[in-house]
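> sequence below, structure please.
(one chain, ligands or ions: 2)
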Amino acid sequence: MKGKASRSCPKSILTMEGTWDQEQATTMRDIFPEECGLAAAIHMQNASRYVYDCLMLQEHRGEDSVGIISLDEAAQFHIRRRVGRVREQFFDVVFDERLPGHAAIGHNRYATQGAADALTNIQPLFFQNTKYGAFAIAHNGTFLDRKGLRERLTQEGVVFQSSLDSEVFGHLIARSKAPTLEEAIVDATQDLTAAYALFVFTREKLIALRDPSGVRPMSMARLNGGFLVCSENYTFDQYPSCEPIGDIQPGEMVVFEHNANSFKRIQYAPPEENFCVFEGIYFSDPRSRYNNFYHEDFRFELGRQIFRENPGLVGDCIIPVLDSGKHAAWGLSEASGIPYREHFKRLHNPPRANLRSFTSSNEEERMRTAYQKLHLRKELILGKRVVIVDDSVVRSTTIRIINQRLREAGAAEIVNCISSPPIENICPYGMDFQDRQQLVAYERSIEDIRQKVGADRLIYLSLEGLQQVVQETYKCGICSGCFGGTYAASALEALSHHKRAE
Ligand code: 5GP
Ligand code: MG
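Ligands and ions are numbered 1, 2, ... in the order given. Prediction:
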């Protein structure tokens with residue numbers, strides 16, 4: 001620990017920015033936080049500044065809300081939680097004054113359903129009085145309360161402050177009879193069906209863990225005599241002297257004591273790796289790595305695999321759906337010899353930039369946003385056989401708009417290549433498609449989908465091809481349930497619960 005820690009009772013244990021009324025002025029609806037971002041800095045001067053830097057780079061994982069909690073030299077916690085984006089909500093913060101201390105954790109939240117603006121649902125969550133002392137929790141993943149624990153705890157008098165599943169987890173820890181916090185955490189994980197990358201942050205330590213399936217990523221690094229732990233390891237590359245240590249393993253818990261410049265790794269559950277392959281296909285930043293393999297190189301290989309599976313592919317140019325289709329398009333272009341051209345330019349500040357085409361609730365709005373995000377050089381399309389590459393098709397909004405525009409611009413032939421298999425199943429761990437009926441590939445043949453999206457030819461990567469590329473790249477077990485493959489064990493359990501609840 002930098003400086004001297006005081007264990008005497010601080011005057012105010014928690015400084016909260018904003019009033020309690022503001023914190024309460026929320027709608028309490030159920031939400032399912034999903035591919036959120038986590039960042040922690042331990043044993044570092046001005047730790048919250050590093051957490052901020054990393055949250056900035058993880059905003060693609062969630063931009064609905066952001067929170068940071070720091071621990072200062074007097075063992076006092078400081079918290080700032082805001083609805084909105086990191087830069088807008090934290091730009092005026094003088095970190096060593098407002099969020100001072102040698103250790104901090106933070107969270108970017110992506111709310112897939114409702115309550116995106118609920119202040120009480122912003123993480124990190126804080127539990128002030130427990131037998132393990134005060135602790136904060138930040139969580140990326142889903143806890144599924146299959147035993148009805150929230151209801152049972154409520155009946156027993158537990159007062160829930162948020163509608164977050166993570167809060168149930170916190171109360172389970174607080175009520176555990178285990179002698180140590182570490183054991184209490186393990187007990188709590190066993191009570192909830194879960195995919196998680198998780199922080200538990202106390203006055204003494206930071207505990208970082210991944211579920212036994214390793215669905216969500218988390219990595220650690222050394223920096224300035226301390227440590228960083230983040231959902232995405234490309235965040236480490238922004239510091240010249242940062243030395244990556246590696247991924248936290250599935251079923252592994254890493255304990256960082258604030259006053260020791262080291263960490264302890266505990267394999268608390270047998271690993272059964274089912275890394276979410278969609279992190280590699282789409283969700284993670286291309287410059288992050290899993291098992292030391294860059295996601296962008298993985299995506300490039302997916303493009304090459306499409307050509308291996310379709311060696312007769314012809315066309316005048318290969319056009320990516322930017323940004324997410326880019327690397328697969330490069331791979332396909334290199335393998336096929338068809339030139340790569342960015343005839344659709346991705347606009348980063350379109351009029352509806354603050355709306356996400358994917359998450360807007362109505363189709364018309366989604367179509368308009370998808371249209372406005374991409375600028376097309378129409379004259380370059382006239383009379384051309386174009387091959388369009390995107391990473392995935394979910395509802396098919398994006399690809400339908402693209403095909404329509406290519407048609408209007410006079411393309412001679414339109415081939416769509418998708419660098420993942422058809423998404424035919426929901427993911428109990430979120431991924432923002434909770435309703436099978438919304439998936440264009442649900443109960444539709446490839447030919448039906450082709451007609452619906454208006455392509456002359458539609459090519460999906462095969463599930464076997466995807467698995468083969470994974471074996472040659474990440475070399476890990478994956479969860480491919482959404483593609484009709486194998487779900488992580490806990491995801492299967494969650495799904496059966498989902499079905500029973502329907
Ligand atoms: P669609 O337009 O078919 O509904 O969705 C596919 C497009 O959205 C693809 O371009 C893909 O990159 C992107 N996408 C796929 N999955 C997700 C997700 O979970 N969230 C968001 N925001 N975009 C996604
Ligand atoms: Mg995309």
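> tell me the mean pLDDT over stretch 441-450?
Averaged over stretch 441-450, pLDDT sits at 96.
> just the buried residues of that stretch, please?
Within stretch 441-450, the residues that qualify as buried are 441, 444, 449-450, counting by 16 or more other Cβ atoms under 10 Å. Placement of C-beta: from N, CA and C, glycine included.
> likewise for stretch 302-318?
302-307, 310, 313, 315-318.
> what's the domain layout of the chain?
11-28+290-486, 34-274 (automatic domain parsing).
> so how far is stretch 43-55 off the chain centroid?
With Cα atoms, centre = their mean, to the nearest Å as the basis, stretch 43-55 stands 20 Å off its chain's centre.
> right, I mislabeled it, should have said stretch 377-397
Taking Cα atoms, centre = their mean, one finds the center of stretch 377-397 at 27 Å from the center of the full chain.
> between the two ends of it, how far is it?
With Cα to Cα, to the nearest Å applied, stretch 377-397 spans 20 Å between its terminal residues.
> tell me how far residue 335 lies from ligand 1.
21 Å (Cβ to the nearest ligand atom, to the nearest Å).
> that residue belongs to a strand?
No: assessed with DSSP: H, G, I helix; E, B strand; the rest coil, residue 335 is helix; it does not lie in a strand.
> helices or strands up against the longest helix belonging to the chain?
Scanning the chain for the helix with the most residues, using DSSP state H, yields helix 295-309. For helix 295-309, the elements it packs on are helix 326-336, helix 463-472, judged by 3 or more Cβ pairs under 8 Å, 6 or more residues apart in numbering; DSSP states H and E.
> heading C-terminal from it, find the next helix or strand.
Counting by DSSP states H and E, the next helix or strand C-terminal to helix 295-309 is strand 317-320.
> who's in contact with that following strand?
Contacts to strand 317-320, defined as Cβ atoms under 8 Å, 6 or more residues apart in numbering, come from residues 326, 328-330, 332-333, 336, 338-344, 384, 386-390.
> contacting residues around residue 439?
Per Cβ under 8 Å, 6+ apart, neighbours of residue 439: 394-395, 423-426, 433.
> likewise residue 133?
202-204.
> about what we covered before: closest one of the buried residues of stretch 302-318 to ligand 1?
residue 302 (12.8 Å; Cβ to the nearest ligand atom).
> what's near enough to touch the closest residue in space to the closest one that isn't next to it in sequence?
Once flanking residues are discounted, residue 302 sits nearest to residue 419: 4.1 Å by Cβ to Cβ, 6 or more residues apart in numbering. Residue 419 is in contact with 281, 299, 302-303, 306, 325, 328, 332, 389-392, 461, counting by Cβ under 8 Å, 6+ apart.
> that's a helix at residue 250, yeah?
No: in this structure, residue 250 is coil, not part of a helix, as judged by three-state DSSP.
> close enough to count as contact, it and residue 271?
Yes: between residue 250 and residue 271 there is a contact under Cβ atoms under 8 Å: 4.0 Å.
> of those two, who's got more company?
residue 250 (23 against 16; other Cβ atoms under 10 Å).
> residues touching residue 296, list them.
286-287, 327.
> which one (most neighbours) among the contacts of residue 419?
Neighbour counts for those peak at residue 328, which has 31 neighbours (criterion: other Cβ under 10 Å).
> still on that earlier bit, mind checking the helices and strands packed on helix 295-309 for the one nearest to residue 189?
Nearest to residue 189 among these is helix 463-472 (25.9 Å), distances taken as Cβ to Cβ.
> now do the closest one: which elements does it pack against?
By 3+ Cβ pairs under 8 Å, 6+ apart, helix 463-472 packs against helix 295-309.
> confidence score at the closest residue in space to residue 61 that isn't next to it in sequence?
Closest residue in space to residue 61, ignoring its immediate chain neighbours: residue 37 at 3.8 Å, by Cβ to Cβ, 6+ apart. pLDDT for residue 37: 95.
> ok, now the one 4 residues further on?
pLDDT recorded at residue 41 is 98.
> got the angle for the longest helix of the chain vs helix 326-336?
Relative orientation of helix 295-309 versus helix 326-336 (axes from the mean of the first three to the mean of the last three Cα atoms, to 10 degrees): 40 degrees.
> which parts of stretch 466-475 are buried?
466-467, 469-470, 473-474.
> nearest to residue 154 among the residues you listed?
Nearest to residue 154 among the buried residues of stretch 466-475, with distances taken as Cβ to Cβ, is residue 474, at 41.3 Å.
> the closest one: what secondary structure?
Applying three-state DSSP: residue 474 is coil.
> ok, residue 227 next?
Strictly by three-state DSSP, residue 227 counts as strand.
> give me the number of residues near it?
24.
> what of residue 205?
Residues near residue 205, counting by other Cβ under 10 Å: 21.
> per-residue confidence at the residue nearest to it when sequence neighbours are not counted?
Ranked by Cβ to Cβ, 6+ apart and with sequence neighbours excluded, the top spatial neighbour of residue 205 is residue 257, at 5.0 Å. Residue 257 carries a pLDDT value of 95.
> rounded mean pLDDT for the longest helix of the chain, please.
Mean pLDDT, computed over helix 295-309, is 98.
> wait, residue 188 sits on residue 177?
No: counting by Cβ under 8 Å, residue 188 stays clear of residue 177, with 11.7 Å between them.
> lowest-confidence helix or strand of the chain?
Ranking every helix and strand in the chain by mean pLDDT, DSSP states H and E puts helix 20-24 at the bottom, with a mean of 29.
> could you point out which element follows that one?
Using DSSP H and E, the first helix or strand after helix 20-24 is strand 37-42.
> sheet partners, orientation included, of that next one?
Partner strands for strand 37-42, per DSSP bridges, with pairing direction: strand 103-109 (antiparallel), strand 226-230 (antiparallel).
> ranges for the helices of the stretch 401-502 of the chain?
Assigned by DSSP state H, counting those that start in this stretch, the stretch 401-502 of the chain shows helices spanning 446-453, 463-472, 489-501.
> between the ones you listed, which gets nearest to ligand 1?
helix 446-453 (8.7 Å).
> list the contacts for the closest residue to residue 446 other than its chain neighbours?
Using Cβ to Cβ, 6+ apart and skipping the chain neighbours, the partner closest in space to residue 446 is residue 458 (5.9 Å). Counting by Cβ under 8 Å, 6+ apart, residue 458 makes contact with 415-416, 418, 446, 449-450.
> hmm, back to that, looking at the contacts of residue 133, which are in strands?
residue 202 (DSSP state E).
> now the stretch 151-300 of the chain against ligand 1: closest residue?
Per Cβ to the nearest ligand atom, residue 282 is where the stretch 151-300 of the chain lies closest to ligand 1, at 5.1 Å.
> burial of that residue, as a residue count?
Number of residues near residue 282 (other Cβ under 10 Å) recorded here: 21.
> one more: residue 147?
12.
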